[in-house]
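1. got a predicted model here, sequence first, then my questions.
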Amino acid sequence: MSTEHEQTRNEVTNHSMLRWYPARWRDRYGDELAAMIEDDLEGETPTLRYRLAIALSGLNERLRDAGLVGGSASPSERVRGGALTVLCAFALFVVSGIGFAKVSEHWDQSIHGGSRHLPAISFNLLGSLAVACGVAVVIAAVVLLPTFVQFLRTGGWQAIRRRVWWAVAATAATGAAIGGLAIWARHLTNYQRNVGLGWYQVAFVIAAILFATTVATWTAVAVTTTRRINIGLGQLKIVGILAISVAACMPIMTAAAAVWWGSMATTAPWFLTGTPVGSSASPWATNLLGVLVVMAVASGTGVVGSARVLRSWRLLKSA
Amino acid sequence: MARKTINASRQRPNDPPLLILTSLAGGPKHGHALSRDIEGFAGVVLGPGALYGAITRLEERGLIEPLESDDRRRPYRISATGSAYLSEAVGEMQRLADEGARRLAIAKRAPVPERGPRIAGNPA
């Protein structure tokens, strides 16, 4: 009885390891791999190293399946994969951008005269490019809209239903958290909102995490959908150009944020530490550093995605 | 569309694809049998993840073919393209091995200088 139980448990463990692989790969090789794992382990429980090796191989197959690595995917799949990498990078950039917006809130009230020139230019450049990138993402969505409608009409809803519900739930939770926070903030002083009230800070962090979750879940919906719809060559070219444009903007925005930080550290360091105007203060701000690191990571990821698009572009034309 | 050129000369002897092709050159095998055979002739242990990753790539490139099977343990065989590829890779490795052996033989025959060479213009 215990042997049967152990056997069943091992089979469940072996099959659970296959979850690291994409569904398409599992449909083709899943049974074979499960059989090989059974033969390989001979009833023994897999070690952590063994599981890790399977997980890494599975993740590698997922990246290949999404057209993100390897040359086995078709040029159109690679362009699509590269564009989706840029989309994911931009989603991460949006989260860090919201963080930057919070950190830089009312910055223009803390300095006056000619010293405002450089921070204003860098801040406005960042804002303008962020709007341009947002418009690019909307245009890409509009270009793909007819294909998306067709996808839903042919039963595609089943494939994305779970992710959409997760995204809707995250959006509702974020809306409730931000709404509650806004109502609470009306009854607090500026000092209480920024440093004085610990519980408000905790609630703010929770709302920020929920916002990041909402962006992540909707991005997951977009990725799942875009990977499943049949995109025409013309649509793919437009999406590819938009992805390259967005990827090009992200490093510029990161540099603009860094310039803004540098110029504020020089002219108004008290703003970065929240100390009174004119006081001496350290130019270092941990939260701003965190924001810039995330922006840099997002920019790097975007560049990798756009490079994937560019490398496959010539093949796409000749395909 | 132009086919991607397969460059067999870039392969190393311990590359999983080359090991799999070498194993299948001896006859069709399924995953576990392949792993055992490769461990036997090359001393390389290929885990299921690495093995099936390589099998996927080889099948995509048409170098191996799956055989019909009622069992979950599906056997694979080397294709004609796979045989040509393996032949080219083995030939390349053979040329490298011959060249290495030839140069080693020359080095063994050559007298070893006791001191380093004099540099022209350098006063002794």
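-> Thanks, I have the structure now.

2. so A:P46 sits in a helix?
-> No - counting by DSSP: H, G, I helix; E, B strand; the rest coil, A:P46 is not part of a helix but coil.

3. for it, phi and psi?
-> phi -70, psi 140 (degrees, to the nearest 10).

4. what helix or strand does the residue in chain B positioned nearest to chain A sit in?
-> Of all residues in chain B, B:G49 sits closest to chain A, at 2.9 Å by C-beta to the nearest C-beta. (C-beta placed from N, C-alpha, C; glycine too.) In the assignment (DSSP states H and E), B:G49 maps to helix B:48-60.

5. helix or strand for B:L86, which one?
-> Taking DSSP H and E as the definition, one finds B:L86 inside helix B:80-109.

6. may I see the buried residues of that helix?
-> B:G82, B:Y85, B:L86, B:A89, B:V90, B:M93 (16 or more other C-beta atoms under 10 Å in any protein chain shown).

7. okay, these in a markdown table with distance to chain A and pLDDT next?
-> Below are the buried residues of helix B:80-109 laid out as a markdown table (distance: C-beta to the nearest C-beta, whole Å; pLDDT from 0 to 100):
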| residue | distance to chain A | pLDDT |
| --- | --- | --- |
| B:G82 | 16 | 95 |
| B:Y85 | 16 | 94 |
| B:L86 | 19 | 95 |
| B:A89 | 18 | 92 |
| B:V90 | 24 | 93 |
| B:M93 | 23 | 92 |
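
8. can you tell me which residues contact the nearest residue to B:S79 once chain neighbours are set aside?
-> Take B:S79 and drop its neighbours on the chain: the residue closest to it by C-beta to C-beta, 6 or more residues apart in numbering or on different chains is B:E65, 5.0 Å away. By C-beta atoms under 8 Å, 6 or more residues apart in numbering or on different chains, the contact list for B:E65 reads B:E59, B:Y76, B:R77, B:I78, B:S79.

9. any stretches of the stretch 1-150 of chain A with poor pLDDT?
-> A:1-13, A:71-72, A:113-114 (pLDDT under 70).

10. tell me what angle the helix holding B:G49 forms with helix B:80-109.
-> 110 degrees (axes from the mean of the first three to the mean of the last three C-alpha atoms, to 10 degrees).

11. helix B:48-60 - contacts with which helices or strands?
-> helix A:23-41, helix A:48-65, helix B:16-25, helix B:31-42, strand B:64-66 (3 or more C-beta pairs under 8 Å, 6 or more residues apart in numbering or on different chains; DSSP states H and E).

12. mean neighbour count, these: which tops it?
-> helix B:16-25 (a mean of 22; mean count of other C-beta atoms under 10 Å in any protein chain shown).

13. okay, angle between it and helix B:48-60 too, please.
-> Going by the same axes, to 10 degrees, helix B:16-25 makes 80 degrees with helix B:48-60.

14. show me what helix B:16-25 is packed up against.
-> Using 3+ C-beta pairs under 8 Å, 6+ apart: helix B:16-25 touches helix B:31-42, helix B:48-60, strand B:64-66, strand B:76-78, helix B:80-109.

15. out of those, the one nearest A:I209 is which?
-> Taking C-beta to C-beta, helix B:48-60 is the member of the helices and strands packed on helix B:16-25 nearest to A:I209, at 33.5 Å.

16. get me the contact residues on chain A for chain B.
-> Contacts of chain A with chain B, taken as C-beta under 8 Å from any C-beta of the partner chain, map to A:25, A:29, A:31-37, A:39-40, A:50, A:53-54, A:56-58, A:60-61, A:70-72, A:318-319.

17. SS state for the nearest residue to B:H30 once chain neighbours are set aside?
-> Distance criterion C-beta to C-beta, 6+ apart; nearest residue to B:H30, sequence neighbours excluded, is B:R73 at 4.1 Å. With three-state DSSP as the basis, B:R73 sits in coil.
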